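Colleague: Quick one, fold the following:
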Amino acid sequence: MHALRRHDFFNLYLKHIMSSAFVKEDEEQWLHDVSPTVSALAHYLTRENNGVRVYERNNFFDNKIGNTVHVMSNGGSYTKNAEGKWQMI
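Modeller: Numbering: from 1, shown residues only. This next block holds a predicted model:
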């Protein structure tokens, strides 16, 4: 009887893991869906970087694109498009 309880617990645990995996997959967020703030961008990039903190290293105005470019610690440079959505450049 004790082994049966352990088996039931294991099955419940597996169901929980599988349901969590499906929830996480549905909650996937894209760069263009991130709020148009630098802190929201850093938070998103940190999650995408497996929890390793990403922060803004520098920013400057680029005359060619007519917008501010945010250089992040992950090596990427990001700006907002005409609709205010983040994009990598």
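
Colleague: Which stretches in the chain count as helices?
Modeller: 2-26, 38-48 (DSSP state H).

Colleague: which one of those has the lowest average pLDDT?
Modeller: In terms of mean pLDDT, the lowest-scoring of the helices of the chain is helix 2-26 (a mean of 55).

Colleague: Would you confirm that residue 32 contacts residue 86?
Modeller: Yes: under the criterion of Cβ atoms under 8 Å, residue 32 makes contact with residue 86 at 6.2 Å. Bear in mind the C-beta positions are built from the backbone N, C-alpha and C, glycine included.

Colleague: what about those two, which has more around it?
Modeller: residue 86 (22 against 12; other Cβ atoms under 10 Å).

Colleague: OK, contacts around the more buried one?
Modeller: Residues counted as contacts of residue 86 (Cβ atoms under 8 Å, 6 or more residues apart in numbering) are 31, 32, 34, 36, 41, 78, 79, 80.

Colleague: Can you flag the buried ones in those residues?
Modeller: Among the contacts of residue 86, those classed as buried by 16 or more other Cβ atoms under 10 Å are 34, 41, 78, 79, 80.

Colleague: what about residue 81, distance to residue 58?
Modeller: Between residue 81 and residue 58 the computed distance is 20 Å (Cβ to Cβ, to the nearest Å).
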